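Q: Just need the structure, nothing else, for what follows:
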Amino acid sequence: MDQLSPNAFKSVIDIDVLGSYNTVKATLPHLLESAAVHHSPSGKAHPRGTGGRIIFVSATLHYTGTPLQTHVMAAKAGVDALSTSVTIEQGPRGITSNVIAPGGIAGTEGLERLSKGNKDPLKNKSIPAGRFGTVKDIADATIYLFSEAGSYVNGDTLVGKSFGLILHTHAYDVAVDGGAWHMPMPQTGFEYPDFLLSNQAVTGVKGTKKAKL
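A: Residues are numbered from 1 along each chain as shown. Take a look at the predicted model:
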């Protein structure tokens with residue numbers, strides 16, 4: 001961390017976190033329009049699924065901790081949190097938000113840097129599948145989340161192999177719960193803030209500014 005310059009840290013945050021945020025802000029009106037056509041809040045799934053789906057691309061470095069990757073870990077943790085926020089606030093409008101967190105993907109710059117030249121998947125026995133992931137694996141994951149089969153997967157993360165000080169293995173983590181696990185337990189007395197669905201401006205908060213997008 002002491003070798004990381006503030007400018008380098010800011011650049012990664014701007015690209016990953018702010019870039020993801022701006023993309024959501026710019027596309028959200030169109031996603032809401034599509035979701036309104038396909039969404040079925042009555043409990044019966046729409047034959048064509050939900051029309052508003054967001055997939056964020058994160059990483060696995062921050063799940064275990066990786067030396068010299070402070071900037072990436074902080075940025076990707078922010079991306080995960082952003083997806084959770086979208087899940088809770090936009091779920092009732094028919095929008096799903098999920099994260100794909102690739103581990104080591106063959107042929108990428110990230111793997112070249114973190115694998116220390118170990119390009120033979122059979123030598124890395126900490127991966128049960130016996131190989132590094134491929135770009136096609138990630139593409140297939142997006143197909144699933146965008147397909148009708150993934151219409152009730154919300155607020156979850158598809159996690160790949162994680163590089164850390166101690167190599168850990170994460171299975172694909174998919175909880176098909178519509179994002180419910182992000183909400184407080186019923187006994188806490190917390191209810192969904194319905195004002196979020198009213199399209200009214202939030203009041204009583206100091207320092208609010210009009211969005212430029």
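
Q: helices or strands next to the strand or helix carrying Ser11 in the packing?
A: In this structure, Ser11 sits in helix 6-13 according to DSSP states H and E. Using 3 or more CB pairs under 8 Å, 6 or more residues apart in numbering; DSSP states H and E as the contact test, the elements touching helix 6-13 are helix 70-90. In this view, the C-beta of every residue, glycine as well, is placed from N, C-alpha and C.

Q: The helix it packs on to helix 6-13, inter-axis angle?
A: Using axes from the mean of the first three to the mean of the last three CA atoms, to 10 degrees, the interaxial angle of helix 70-90 with respect to helix 6-13 works out to 30 degrees.

Q: End to end on stretch 143-158, go ahead and measure it.
A: Start to finish, the residues bounding stretch 143-158 are 13 Å apart (CA to CA, to the nearest Å).

Q: If you average the pLDDT over it, what comes out?
A: With pLDDT averaged residue by residue, stretch 143-158 scores 86.

Q: ok, Gly91 to Val153 distance?
A: Distance, Gly91 to Val153, using CB to CB, to the nearest Å: 12 Å.

Q: Kindly report the same for Arg131.
A: 25 Å.

Q: Which one's more surrounded, these two?
A: Neighbours per residue, other CB atoms under 10 Å: of Arg131 and Val153, the larger number sits with Val153, 19 against 15.
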